[in-house]
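Participant: Compute the structure for the input listed below.
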Amino acid sequence: MHKYWSDLERLRPGHGRPSDHRPLQANRPKVLIAADGVLYPGRRVDRAKVVETLRAALPNLSAFILHRSGFSDVDMPRDAELREAMTANSETGEGFEPEWLDFDQPLWIVYTSGTTGMPKPIVHGHGSVPLTATAGRLNMDLAPSYEPNSFGGRYHWYSTCGWIMWNAQVSGLLCGSMICLYDGSPSGPKDEPDFGTSMEFRCSPRSDLSWGGRGFLRRLRKKRVSTLESKAISPPSAR
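Facilitator: Sure thing, here's the model as predicted:
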C-alpha cells in the first residue's frame, strides 16, 4: 500500500477552528499521529480535547499514535505511543528495499493559508521533491556540507511544519546540506517578547544561510530588531 501524509499544524493554538477538520476529512487518513500538549510560546497548553475531537471527526482511522508531551493529565486510549512506534526493529528492517514509484505518486499534502476561505489541500508527488531540492541548489547555492568548497555549510529557514518552506528546508538534505531546525517561537514568551535567542541562532556561524517568511520579517521591523545588532553575527555567515 502506497502512503502519503499531511500535517495538522493549523490546529495548533491560534489556528484551531472546527472548519479546519473538513480538509482533513476529505483526505480520509488511516493513521493519526498527535501530541497531547505543546509549549507555545512559553506556555504549556493541554491539547487532549482538541485531539479527541479530531479523532471523532475522522471515521476512517485504523491507528492512533500518541506523543505523550507531559503537558496533559488526560490518559487517552491509543494504539501505540510515538516513542514505541519509532523504536528500531532490526528484524523488520532487515532486507528492506525501497520501491521505485511514478513521478506523480502522491507523497504529501500541504494546505493553503486559508486567507480566502477554508484551507485548500495541494497534493505533491514524489517527483516534485527532487525538483524543489534542485531549485534550492540553483537559487540559494545549497551544496553538500562535506565537500571542500562548502564544508560545514548549514541551511536554516524558520518555519512551522504547516508551511511549505518546512518541506523545502527538509529537501535541502537531498543537496547534501546540513539543515538547522529552530524549535520554538522566534519572539519568545508572549508576556516577555524577546527575539534575541532566535536572532543569535539565525546570525551565528551555526547557520550560514538563514531565511524567514514575510510575517517574521515584518515583526522584526515592528520591534526594530536588526540582525547587525546580534552579538553572535560574523561577516562570513551574514548571507
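Participant: measure G215 to E52 for me?
Facilitator: Counting by CB to CB, to the nearest Å, the gap from G215 to E52 is 31 Å. All C-beta spots, glycine's among them, are computed from the backbone N, C-alpha and C.
Participant: more crowded one of those two?
Facilitator: E52 (15 against 9; other CB atoms under 10 Å).
Participant: was I right about that one contacting D75?
Facilitator: No. Look at E52 against D75 with CB atoms under 8 Å: they stay out of range, at 11.7 Å.
Participant: what pLDDT does the residue sitting nearest the centre point of the chain get?
Facilitator: Centroid-nearest residue in the chain, with CA atoms, centre = their mean: C161, separated by 2.3 Å. In this model, C161 is scored at 76, pLDDT.
Participant: what do you get for G127?
Facilitator: Taking G127 on its own, its pLDDT is 88.
Participant: quick one: contacts for it?
Facilitator: D102, F103, D104, Q105 (CB atoms under 8 Å, 6 or more residues apart in numbering).
Participant: The second one should be in a helix, yeah?
Facilitator: No. When classified by DSSP: H, G, I helix; E, B strand; the rest coil, F103 is found to be coil rather than part of a helix.
Participant: what's the closest residue to it other than its chain neighbours sitting at in phi/psi?
Facilitator: Closest residue to F103 apart from its sequence neighbours, by CB to CB, 6 or more residues apart in numbering: G127 at 3.5 Å. G127 has phi and psi values of phi -70, psi -20 when expressed as degrees, to the nearest 10.
Participant: mind listing the strands for this protein?
Facilitator: With DSSP state E as the criterion, the chain has strands at 5-6, 31-35, 37-39, 44-46, 63-67, 80-81, 106-111, 121-125, 154-157, 178-179, 209-211.
Participant: and the protein, what are its domains?
Facilitator: 5-123, 127-237 (automatic domain parsing).
Participant: Could you tell me which helix of this protein is the longest one?
Facilitator: Using DSSP state H to assign secondary structure, the helix with the most residues in the chain is helix 128-139.
Participant: what's that helix in contact with?
Facilitator: So helix 128-139 is in contact with L107, L142, A143, Y155, N167, A168, S171, G172, L174, C175, S177, going by CB under 8 Å, 6+ apart.
Participant: Neighbours of the last one, how many?
Facilitator: Residues contacting S177 under the criterion other CB under 10 Å number 26.
Participant: Equivalent analysis for the fourth one, please.
Facilitator: Using other CB under 10 Å, Y155 has 24 other residues around it.
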